[in-house]
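[1] no sequence on this one, just coordinates:
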């Protein structure tokens, strides 16, 4: 199935307690494409960069089957830039700089060839732009998923409410689920959010795994217990890319298959954190990914005969 | 199989953001007995109380098959008292008072009938006392498990190191594992701790589940996603009681069965947090427990055919 990806393609400067990098390719759309293209080669990207963005990065995405027809390259302008520093626990980070640059007046325009995708993933951008993307579609995709963040909950709540009604899957982290619902219990937060739009809700809990909610069902996927996390940047987007990539590859949107998608997303994200930016994803093979899926299978494998 | 339980039997005063109770029965040995006695009726308790301790509480334990022959009742003295207040997130708490009372000079003495147990669980008390209990055993039990806490790591590190070499299973929480090992990665912490004594290590992560480490294997058990946590006091001890109770009932100390024990411990703990103190455990039936085990089975159930 074809997958339309909308998100950012950016430069990041990242500092962890162990190392730092001044400039590395990043952005939600970028990570999602790296991850999803492991599974399918029918991925269409809508994003914007300046003409400072490394052509090699774009060629790499093309080589993985990602269509860049919807990527706008703004002459004489600079790409979106984000800089952040992770704290000692690697779970929290401080944003040091956010230079919107080309993102400030991003107008996502779908080429005609993008207008009938089977599936859509809307990365974390202004919900007004997420709506604009959906409105350009000529047919209702089989599945629309989206990400968002606290910034949009604070600043564009109405547009966010509107786009939530238009999508099937919301993929956010635990803090975001609590803020969006105003509820501290994730079970209650999930019930609230599902009443306000998305039928499926994925709540990512970082090193503590991920929950998938649908109707009255809950599925829990553990995170891989890792020796070390080198750089968490992009792990959530990599998860989303793996989640959608598996669904697009398997052409099965049942709850049972969504569970598998959560496992594949988890496995993909576990590689992302091993190196700065998307570096590790570039060399990742499907065999390596499968090995890690098998570790996740074993991690929660038990049998009980109740007595 | 018979199970020897050593720990505290105490009075607690508990305050949560939602409610408070001035005096309720508590203590590690108490919670462990409530939980383990759901599974087996051959449970022997070694502990100390003052003569202020409610006779009804003791009779309840007796009625569940817990032997109190090793419970010392100190005339004219007061029981151990702990008071704590939970913060808004229910994950952290402040200790408001710790009145040792009878615990100050507790000398755990095993009646002759307690000296050949099949299994032993040493609740969180002074490691010097944990050693003293082990030294009174006439035969090596099939399994010795223990709990401990940061206080003993800070104040009696040598005795703690010594008892760790004498046990098979250590059951602690994630913070304690990090402090004991000096390592922030739980995978590295587990490797370090297993090198210093216990073959099996259970790391409890509260609402984020529990990890079981053995040799080069890891098992992860999710926590039950709960609507609300009313009072977390005693959840860790209830987990330990369910863990040991299942092992004693099933007479199987394989890794596969330890996994099931973690699941049963998790299910028991999920009831403990529903009410103040051990109240909910007193009415808990094995049928209710099994229902919740089934929810845990379903929570992580998925199948993947790798391709």
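    It's in. In this text the structure is predicted, and so the values were computed from the model without any measurement. Numbers count the residues shown, from 1 in each chain, chains lettered A, B, ... in the order given.

[2] Is there proximity between stretch A:34-41 and chain B?
    No. Against chain B, stretch A:34-41 shows no contacts by CB under 8 Å from any CB of the partner chain, the least distance being 10.3 Å. No exception for glycine: its C-beta is placed from N, CA and C like everyone else's.

[3] list the buried ones in that stretch?
    For stretch A:34-41, the buried set under the neighbour-count rule, 16 or more other CB atoms under 10 Å in any protein chain shown, comprises A:34-40.

[4] Stretch A:22-36 now?
    Taking 16+ other CB under 10 Å as the neighbour-count basis, stretch A:22-36 is seen to contain the buried residues A:24-36.

[5] Among those, which one sits closest to chain B?
    Top of the list for closeness to chain B, among those and by CB to the nearest CB, is residue A:36 at 16.4 Å.

[6] quick one: that closest one and residue A:241 touch, right?
    Yes. In this structure, residue A:36 sits in contact with residue A:241. The criterion is CB atoms under 8 Å, and the distance is 4.1 Å.

[7] if you look at the buried residues of stretch A:34-41, which of them are in helices?
    Within those, membership in helices is found for A:34-36, as judged by DSSP state H.

[8] quick one, what contacts the nearest residue in space to residue A:223 that is not next to it in sequence?
    If the residues on either side of it in the chain are set aside, residue A:223 comes closest to residue A:209, at 4.6 Å by CB to CB, 6 or more residues apart in numbering or on different chains. When the contact criterion is CB atoms under 8 Å, 6 or more residues apart in numbering or on different chains, the partners of residue A:209 are A:220-223, A:266, B:208-209, B:222.

[9] Please tabulate the residues you listed in a markdown table and include distance to residue B:163 and pLDDT as additional columns.
    Formatted as a markdown table, the entries for the contacts of residue A:209 read as follows, by distance: CB to CB, whole Å; pLDDT from 0 to 100:
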| residue | distance to residue B:163 | pLDDT |
| --- | --- | --- |
| A:220 | 34 | 98 |
| A:221 | 36 | 97 |
| A:222 | 31 | 96 |
| A:223 | 32 | 95 |
| A:266 | 37 | 98 |
| B:208 | 27 | 94 |
| B:209 | 26 | 97 |
| B:222 | 30 | 96 |
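
[10] Just send those residues back as JSON lines, with secondary structure too.
    Formatted as JSON lines, the entries for the contacts of residue A:209 read as follows, by DSSP: H, G, I helix; E, B strand; the rest coil:
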{"residue": "A:220", "secondary structure": "strand"}
{"residue": "A:221", "secondary structure": "strand"}
{"residue": "A:222", "secondary structure": "coil"}
{"residue": "A:223", "secondary structure": "coil"}
{"residue": "A:266", "secondary structure": "helix"}
{"residue": "B:208", "secondary structure": "helix"}
{"residue": "B:209", "secondary structure": "coil"}
{"residue": "B:222", "secondary structure": "coil"}
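
[11] Strands along the stretch 51-200 of chain A, start to end?
    Taking DSSP state E, counting those that start in this stretch as the test, the strands found in the stretch 51-200 of chain A are A:66-74, A:80-86, A:93-99, A:119-122, A:143-146, A:169-173, A:200-204.

[12] Tell me which residue is most central in chain A.
    For chain A, the residue whose C-alpha lies nearest the mean C-alpha position (CA atoms, centre = their mean) is residue A:237; its distance is 2.6 Å.

[13] about what we covered before: next, show the common contact partners of residue A:36 and residue A:241.
    Common contact partners of residue A:36 and residue A:241 (CB under 8 Å, 6+ apart): A:5, A:121.

[14] For the stretch 101-250 of chain A, list the residues in contact with chain B, please.
    Of all the residues in the stretch 101-250 of chain A, those lying near chain B are A:184-188, A:205, A:208-209, A:211, A:218-222, A:225-228, going by CB under 8 Å from any CB.

[15] and with 7 Å instead?
    Counting by CB under 7 Å from any CB of the partner chain, the stretch 101-250 of chain A comes close to chain B at A:185-188, A:208, A:211, A:218-220, A:222, A:225-228.

[16] Keep only those of these that are in helices.
    The helices, defined by DSSP H, take in A:186-188 from these.

[17] Can you say which of the residues you listed are buried?
    Among those, those scoring as buried are A:186-188 (criterion: 16+ other CB under 10 Å).

[18] Closest to chain B out of those residues?
    Closest approach to chain B among those (CB to the nearest CB): residue A:187, at 4.9 Å.

[19] most packed of the strands of the stretch 51-200 of chain A?
    Highest mean neighbour count among the strands of the stretch 51-200 of chain A (mean count of other CB atoms under 10 Å in any protein chain shown): strand A:119-122, with a mean of 30.

[20] Starting from that one, tell me which strands it pairs with and how they run.
    Next to strand A:119-122 in the sheet, as set by DSSP bridges, lie strand A:3-6 (parallel), strand A:143-146 (parallel).

[21] how much distance is there from that strand to the middle of the chain?
    Between the centre of strand A:119-122 and the centre of its chain there are 10 Å (CA atoms, centre = their mean, to the nearest Å).

[22] outside of that strand, which residues touch it?
    A:1, A:3-6, A:32, A:130, A:133, A:141-147, A:240, A:244, A:247-248 (CB atoms under 7 Å, 6 or more residues apart in numbering or on different chains).

[23] try 8 Å this time
    A:1-7, A:32, A:36, A:130, A:133-134, A:137, A:141-147, A:163, A:167, A:240-241, A:244, A:247-248.

[24] Tell me the buried residues within the residues you listed.
    A residue is treated as buried here by neighbour count (16+ other CB under 10 Å); on that basis the buried members of those are A:1-7, A:32, A:36, A:130, A:133-134, A:137, A:141, A:143-147, A:163, A:167, A:240-241, A:244, A:247-248.

[25] quick one on the thing from earlier: next, format the buried ones among the ones in helices among the residues of the stretch 101-250 of chain A next to chain B as CSV and append pLDDT.
    Converted to CSV, those look like this (pLDDT from 0 to 100):
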residue, pLDDT
A:186, 95
A:187, 96
A:188, 96
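
[26] ok, so of those residues, who is nearest residue B:59?
    Comparing these against residue B:59 with CB to CB places residue A:187 closest, at 36.9 Å.

[27] Could I get the contacting residues of that closest one?
    With contact set as CB under 8 Å, 6+ apart, residue A:187 has these partners: A:218, B:225-227.

[28] What about the residues you listed, which one has the most neighbours?
    Neighbour counts for the contacts of residue A:187 were taken using other CB atoms under 10 Å in any protein chain shown; the highest belongs to residue A:218, which has 20 neighbours.

[29] In the sheet, which residues pair with that residue? Tell me.
    The bridge-partner assignment for residue A:218, based on DSSP bridges, gives residue A:213.

[30] repeat for residue A:172
    residue A:203.

[31] so where is chain A shaky, pLDDT-wise?
    Applying pLDDT under 70 to chain A flags residues A:307.

[32] any idea how far residue A:77 is from residue A:108?
    Using CB to CB, to the nearest Å, we find residue A:77 at a distance of 16 Å from residue A:108.

[33] Comparing these two, which shows the higher neighbour count?
    Here residue A:77 and residue A:108 are set side by side on neighbour count (other CB under 10 Å), and the busier one is residue A:108, at 20 against 16.

[34] what about that one, distance to residue A:101?
    Separation of residue A:108 from residue A:101 (CB to CB) stands at 16 Å.

[35] what about the helices in the stretch 101-250 of chain A?
    A:127-135, A:150-155, A:157-164, A:174-181, A:186-195, A:235-250 (DSSP state H, counting those that start in this stretch).

[36] Can you say which of the ones you listed is packed in most?
    Per-residue neighbour counts averaged over each of these give the maximum for helix A:235-250, namely a mean of 28 (mean count of other CB under 10 Å).
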